[in-house]
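*Asks:* could you work out the structure for the sequence below:
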Amino acid sequence: MLTVESLKKRVKNKELSPIYLIWGTELYLAENAIETITSLLSPDEKDFNLSVHNLDEISVQEVIEDAETMPFLGDRRVVVMKNAAFLTAAKEKTKIEHDYKIFEHYIQNPADYTILIIVVPYEKLDERKKIVKQLKTQAEVIQVSKLSNDTAEKWLQKEAVSLGVSIDGEATQLLLSRLGTHMAVLAKELEKMALFVGENGVISKDTVENLVARTLEDDVFGLVDHVVHKRTEQALRSFYDLMKQNQEPIQIHALITRQFRMINGVKELQKKGYGEKQIASSLKLHPYAVKLASKHAKRYDEAFLRNCLNNFADTDYKLKTGQMDKTLLLELEIVALSQGS
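*Replies:* Here you go, the predicted model:
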């Protein structure tokens, strides 16, 4: 199985396969792999000898017919077959009739002048299918899975260097906490910050804070941070700012509840001797979120946190049944949390 990096080396050395199978849900890497292969064609050749097909719109037999067509004004064709759901266990969404026998025959006897790229944007292939087994034997397979947090951190560091800048650890963690491991989004934000700090500049936590758009959850985290540090006035001001943005009180309350559940979960696992990485894995959280929740957990005892969670359930019921004004309910909750310990 190839990685995108090893694919680049092989293409550079002209070590090519007639068929490539790209599968997985990280579309940024999938597109990167496709671009690497199609770079074999000059811009002029691409006009005549590059075809991109979507199996939601065209039959597999028409794609194979294209792959068997001789190249025009060039030595090679590249044919891309996207959304090959028939290689997974997923139910096909289109009414287009596909003749998979023609496809099976082709992968056993591919045209020597065509590179066929098969893209499967799903988490799993259906290994039970004969056609999948044949493909994994006949094709070069490139898996493009979502990055883990650790891998994403390393990737960000490497991408920053390629842009002529560096990014420090806190900035990396905050960026991943805010955006997740979606590579296309990360790449776009990283490029923006690199332009801001300039060549040989350093992307810091402050750079991320100032340039990367905050989510509602980020704003609620800020509110909770004020609450934890007993900054009642600032916490209420954060709440009023959210209300001015027309955020729904029920959603704000749900996110406050989530933050305190996280704090409680971290505290319970710390008591069992878990480290931050183990806690992140157990609670399925980003390590940076665990690091922040760990600081908050030190300010509360277990009894208070359990009582908070019980009160949150009561507030949620009152919010959803209209027993009290929603704004007043959350104001009272924020004040009570700020004064607790």
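*Asks:* CA atoms for contacts and neighbours, from now on please.
*Replies:* Will do.
*Asks:* for stretch 241-260, buried residues please.
*Replies:* Of all the residues in stretch 241-260, those buried under the rule 16 or more other C-alpha atoms under 10 Å are 242, 249-250, 252-253, 255-260.
*Asks:* mind listing the strands for the stretch 201-341 of the chain?
*Replies:* Using DSSP state E, counting those that start in this stretch, the strands of the stretch 201-341 of the chain run over 202-203.
*Asks:* ok, residue 269 touching residue 279?
*Replies:* Yes. Taking contacts as C-alpha atoms under 8 Å, residue 269 lies within contact range of residue 279: 6.6 Å.
*Asks:* more neighbours, the two?
*Replies:* With neighbours defined as other C-alpha atoms under 10 Å, residue 269 and residue 279 compare such that residue 279 has more, 23 against 16.
*Asks:* tell me the spacing between the more buried one and residue 293.
*Replies:* Using C-alpha to C-alpha, to the nearest Å, residue 279 is found at 11 Å from residue 293.
*Asks:* touching both of those two, which residues are there?
*Replies:* Residues touching both residue 279 and residue 293 by C-alpha atoms under 8 Å, 6 or more residues apart in numbering: residue 266.
*Asks:* quick one, what contacts residue 295?
*Replies:* Contacts of residue 295 (C-alpha under 8 Å, 6+ apart): none.
*Asks:* one more pass at 10 Å, please.
*Replies:* Residue 295 makes contacts with 225, 228, 263, 266-267, as judged by C-alpha atoms under 10 Å, 6 or more residues apart in numbering.
*Asks:* distance of it from residue 81?
*Replies:* Distance of residue 295 to residue 81, computed by C-alpha to C-alpha: 50 Å.
*Asks:* pull the contacting residues for residue 18.
*Replies:* Residue 18 neighbours (C-alpha under 10 Å, 6+ apart): 78, 107, 109-117, 138-140.
*Asks:* want to throw the buried residues of stretch 241-260 into a markdown table with pLDDT and distance to residue 146?
*Replies:* Below are those laid out as a markdown table (pLDDT from 0 to 100; distance: C-alpha to C-alpha, whole Å):
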| residue | pLDDT | distance to residue 146 |
| --- | --- | --- |
| 242 | 90 | 32 |
| 249 | 91 | 33 |
| 250 | 93 | 31 |
| 252 | 92 | 29 |
| 253 | 93 | 30 |
| 255 | 91 | 25 |
| 256 | 93 | 28 |
| 257 | 93 | 28 |
| 258 | 92 | 24 |
| 259 | 91 | 25 |
| 260 | 93 | 28 |
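*Asks:* from those, which ones fall inside helices?
*Replies:* Among the buried residues of stretch 241-260, DSSP state H puts 242, 249-250, 252-253, 255-260 in helices.
*Asks:* my guess is residue 306 contacts residue 264. True?
*Replies:* Yes. Contact criterion C-alpha atoms under 10 Å: residue 306 and residue 264 qualify, at 7.7 Å.
*Asks:* more crowded one of these two?
*Replies:* Taking neighbours as other C-alpha under 10 Å, residue 306 and residue 264 compare with residue 264 leading, 25 against 14.
*Asks:* count the residues that sit near the spatially closest residue to that one that is not a sequence neighbour.
*Replies:* Computed as C-alpha to C-alpha, 6 or more residues apart in numbering, the closest residue to residue 264 that is not its neighbour in sequence is residue 305, at 6.2 Å. The number of residues packed near residue 305 is 21, by other C-alpha under 10 Å.
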